[in-house]
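# I'd like to go over a predicted model; first the sequence, then the structure.
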Amino acid sequence: MSNYHEQVKREGIKRLRSILAELPPFTEDFFLGISERTAIRTRLGYALDLKIFFSFLTQEGRKLEGMEIKKIRALDLAEVNANDIRRYLEYVTYYTRNISTPTNREVSIEAYNEEQGKARKLSAVRRLFEFLYKGGLLAANPAELVDSPKIHRKNITYLQADEVAKLLDEVETGAQLKSRQAVAYHAVNRLRDVAIITMFLGTGMRVSELVGINVEHIDFNTNAIVVVRKGGNQDAIFFGDEVRVALEAYIPKREGICAAQGHEGALFLSTQRKRIGVRAVQNLVKKYAKIVTPLKNITPHKLRSTYGTALYNETGDIYLVAEVLGHADVNTTRRHYASMPMERRRKAADIVKLRE
């Protein structure tokens, strides 16, 4: 694993520990129990969701009203039933919560969850109750009686073939950039930006995978890039000629940049000569995409969807798409892509002839 990903993991662990310091002591055993099977990002999400859950339980009119979250015992959760958990899911549809600003000032913010957000929050509660029930700390598991919210699948937003061509043309030329500053910025970063956009469209990698790449992770002998996948495992992503051309054009320029200390190995650098961050890449994609497709909200993930859609339309092989995109479960891929190419089904209607 690269130094970058080790640093991200260390920072995640530090943040998780700080959240655990605000949760009931028994949750520490829960997170220890799932640590080998879940990524740090997943555990962080669970910790934040459980913090909201315990806050809900201790509010006025709730089962654990008035209790300090830190003093809640596992046995106290025996008071919680399935209806309480259903009320919690209704609560997180819209609620307010307090957060600390960098200056340690408490501010109240509004939060909203649709079905997918509520499903994630229910998952954290389910995992905790399952752990306590299997460990003999609770006599029943009310969370298993609560149905997951029905997820209404949204149509995938992706670029059509002509939009892909227009996007690449714009990144290469910067022809429609308006301000003098934007034009000057493009002149300096053109080769980097072309390589980034081309890699998204030509490999379907995640933005977290892209920002973690070091120069040494690229092997032009096999046309492969070593990345760290979502679960923390290393994997090889293979690229074609167009990605190779973009990388070969960019790398000599990259080698001529003296990176800031601690960022020497990073493939993509910011204007501060540090490893480029996820937010900067998101802004980069948005800037160019808004020029060529102003009605579509294009993000790095949408470019990933564009690649996945094109690959499935070309091959019809859902297992290949799942493997290339790094999906741990092919059902994830099937939900997103298998219903898309209606043209294939229409063509199938004319293939079988009943009478010659």
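It's in.
# domain assignment for this structure?
3-145, 161-341 (automatic domain parsing).
# and residue 9, how many residues sit next to it?
Using other CB atoms under 10 Å, residue 9 has 16 other residues around it. For glycine as for every other residue, the C-beta is placed from the backbone atoms N, C-alpha and C.
# hang on, it packs against residue 228?
No: counting by CB atoms under 8 Å, residue 9 does not reach residue 228; the two are 9.5 Å apart.
# dump the domains of the chain into JSON lines; add mean pLDDT and distance to residue 155 as well.
Conversion of the domains of the chain to JSON lines gives the following (pLDDT from 0 to 100; distance: least, CB to CB, whole Å):
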{"stretch": "domain 3-145", "mean pLDDT": "90", "distance to residue 155": "15"}
{"stretch": "domain 161-341", "mean pLDDT": "90", "distance to residue 155": "9"}
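# could I get those domains as a markdown table with distance to residue 151?
Below are the domains of the chain laid out as a markdown table (distance: least, CB to CB, whole Å):
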| stretch | distance to residue 151 |
| --- | --- |
| domain 3-145 | 5 |
| domain 161-341 | 9 |
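# from residue 135, how far off is the nearest residue to residue 272 once chain neighbours are set aside?
Once flanking residues are discounted, residue 272 sits nearest to residue 260: 6.7 Å by CB to CB, 6 or more residues apart in numbering. Here residue 260 is placed at a distance of 47 Å from residue 135 (CB to CB, to the nearest Å).
# helices of this protein, start to end?
3-20, 26-34, 40-57, 82-91, 115-134, 161-173, 180-203, 207-211, 241-255, 278-292, 300-315, 318-325, 330-337, 342-348 (DSSP state H).
# quick one: buried residues of the third one?
Residues 40-47, 49-57 are the ones in helix 40-57 that count as buried (16 or more other CB atoms under 10 Å).
# let me see the contact set for the residue lying closest to residue 303 once chain neighbours are set aside.
Leaving aside its sequence neighbours, residue 303 sits nearest to residue 200 (CB to CB, 6+ apart; 3.8 Å). Shown in contact with residue 200 (CB atoms under 8 Å, 6 or more residues apart in numbering): 207, 210, 285, 300, 303, 304, 307.
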